[in-house]
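> just a sequence and a predicted model for now, questions to come.
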Amino acid sequence: MSAETVTIDSLGAQGDGIVHAENGPVYVPFALPGETVAIARVKAQGTIISMAKASSERVAPPCRHFGPDGDGGTCGGCSLQHMSRPLYTGFKRDLVISALKSKGLAADVRPIIEAEPGERRRVVLAARRTEKGLLLGFHQSESHHIVAISECPIASPGIVSRLEAIRKIGFSLSTNADPFRMTVLETLSGLDIAVDGLKGVSDGQRRAVTQVVLSLRGIARVSANGEILIEPVKPALDFGGVTVNPPPGGFVQATQKAEQAMAELVLAHVGKAKRIADLFAGSGTFSLRLARVGQVHAVESDEKAMKALDHAARNAQGLKPVKAEKRDLFRRPLMTQELKAFDAVVFDPPRAGAEAQCKELARSSVKKIVAVSCNPLTLARDLSILAEGSYRIETVTPIDQFLWSSHVEVVATLTKG
């Protein structure tokens, strides 16, 4: 380890400050361009020791758990609270622009749809039983150390106000010091808590968690490793006026505001299409809204999510037919011949993107496509495939739903020809 004083040149893709040294870049977390800092350096990683010159874009973080001086350690839930809002939003939009440029794509990248504190309805917490109770919080960056939280400015008030209840539930299920995860989703009917990482759940643990949950208010469901342990009331979400009961631990957009923004962009581009394919459909975030416009063929590999979508569609009023198909689109994408049946296609894949599916779409005659992505790099790859197939990129809209992190959602609209 060596100590040196450096001036930060730029920001990296994760939001770290970068020093362009003679022997390669040095990454310095929590540093901003133009700042002069003393760092302790280990190879390409620097840690701030002191600051000689601070940037005018530096702001006081809103959370006391944030940063190298955070209470209990550096909470890894956020990494960018020290940035001014203009620098922060510009940084996120630039991630999308840079990804597109890397594939030679010129596109109209719109201003980012911003996130605000308190909007996250879904958080993934780290937990571990200790002699003093349940340690509950977020992992320190690149560490197994859990920083216990007593506040969280990104999470909804409905989650933050129930942290003690979440601790009680986690404690009732844990029998040793092994770490595990608690995914907490705020639904219309209460908190849906999915616990993962437990090696097993005994009858004693089932009785204990049942007793705890029945003594609390506002808990809709608790599951462990995908198995429902207790469900006082079915967790409910509203997807465009249709009630959906998501499966335990199922994928849900992190904020309702971002979900609504994405849905509005999807619906606006699809227009009056009569036959629509929704690929990687999940529990119906887009399918159930699209079914008010035209017939929908929803494709999803997760059987529980597909069943939740199908059940919601069958019990909703005013929808056009929705056909749900269980299918792994990575291994079996919809082929060009199958795509002839659709006027519009929407796809929202995991971070790996939809390369195989886009190769089929590029050869298709589908008039309109909407690509939704949580990874600008794989999105740029997929859009380049579609562009080679004579699709024109109309708009690209960045959406922030992971406040103060380097993650950004994107919605891209394309038209054939």
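Done, it's in.
> and residue 164, which of the three is it?
Following DSSP: H, G, I helix; E, B strand; the rest coil, residue 164 is assigned to helix.
> measure it to residue 149 for me?
12 Å (CB to CB, to the nearest Å). No exception for glycine: its C-beta is placed from N, CA and C like everyone else's.
> of these two, who's got more company?
residue 149 (23 against 11; other CB atoms under 10 Å).
> was I right to think that one contacts residue 137?
Yes - applying CB atoms under 8 Å as the test, residue 149 and residue 137 come out as touching, 4.1 Å apart.
> now the strands for the stretch 1-150 of the chain?
2-7, 10-11, 17-21, 24-28, 36-42, 45-53, 122-130, 133-139, 146-148 (DSSP state E, counting those that start in this stretch).
> can you pull the buried residues of stretch 251-266?
Neighbour counts over stretch 251-266 (16 or more other CB atoms under 10 Å) mark 251-259, 261-263, 265-266 as buried.
> helices - which of these land there?
The helices, defined by DSSP state H, take in 256-259, 261-263, 265-266 from the buried residues of stretch 251-266.
> how close does the residue nearest the centre of the chain sit to residue 39?
The centroid of the chain falls nearest to residue 254 when counting by CA atoms, centre = their mean (5.6 Å). Taking CB to CB as the measure, residue 254 falls 33 Å from residue 39.
> burial count for residue 146?
If we define neighbours as other CB under 10 Å, then residue 146 has 22 of them.
> about what we covered before: need the strands of the stretch 1-150 of the chain in CSV with distance to residue 404, can you?
Output for the strands of the stretch 1-150 of the chain, formatted as CSV (distance: least, CB to CB, whole Å):
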stretch, distance to residue 404
strand 2-7, 24
strand 10-11, 14
strand 17-21, 16
strand 24-28, 18
strand 36-42, 20
strand 45-53, 18
strand 122-130, 13
strand 133-139, 12
strand 146-148, 15
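> out of these, deepest packed?
strand 146-148 (a mean of 22; mean count of other CB atoms under 10 Å).
> which helices and strands sit right next to the helix or strand following it?
Going down the chain from strand 146-148, the next helix or strand is helix 157-160, by DSSP states H and E. Helices and strands touching helix 157-160, by 3 or more CB pairs under 8 Å, 6 or more residues apart in numbering; DSSP states H and E, are strand 180-187.
> give the buried residues for the strand it packs on.
Within strand 180-187, judged by 16+ other CB under 10 Å, the buried ones are 180-187.
> and if you look at stretch 407-417?
Residues 407-414 are the ones in stretch 407-417 that count as buried (16+ other CB under 10 Å).
> which of the strands of the stretch 1-150 of the chain comes out lowest on mean pLDDT?
Ranked by mean pLDDT, the strands of the stretch 1-150 of the chain end with strand 2-7 in last place, scoring a mean of 87.
> where does pLDDT dip in the stretch 251-400 of the chain?
Nowhere does the stretch 251-400 of the chain drop to pLDDT under 70.
> now do the strands in it.
In the stretch 251-400 of the chain, the strands defined using DSSP E, counting those that start in this stretch lie at 275-279, 295-300, 322-326, 344-347, 368-373, 391-399.
> any idea of the angle the third one forms with strand 275-279?
The one in question is strand 322-326. Using axes from the mean of the first three to the mean of the last three CA atoms, to 10 degrees, the interaxial angle of strand 322-326 with respect to strand 275-279 works out to 30 degrees.
> how much does strand 322-326 deviate in direction from strand 295-300?
20 degrees.
> can you list the strands that strand 322-326 pairs with?
Looking at strand 322-326 with DSSP bridges, its partner strands are strand 295-300 (parallel).
> what's the answer for the first one, then?
Taking DSSP bridges as the criterion, strand 275-279 pairs within the sheet with strand 295-300 (parallel), strand 344-347 (parallel).
> for the closest residue to residue 392 other than its chain neighbours, give me its contacts.
Nearest non-adjacent residue to residue 392, counting by CB to CB, 6 or more residues apart in numbering: residue 415, 5.3 Å away. Residues near residue 415 by CB atoms under 8 Å, 6 or more residues apart in numbering: 367-369, 391-392, 394.
> any idea which element residue 415 lies in?
According to DSSP H and E, residue 415 maps onto strand 409-416.
> show me how far that strand is from its chain's centre.
Strand 409-416 sits 18 Å away from the centroid of its parent chain (CA atoms, centre = their mean, to the nearest Å).
> surely residue 79 meets residue 17?
No - distance between residue 79 and residue 17: 11.5 Å, which falls outside the contact criterion (CB under 8 Å).
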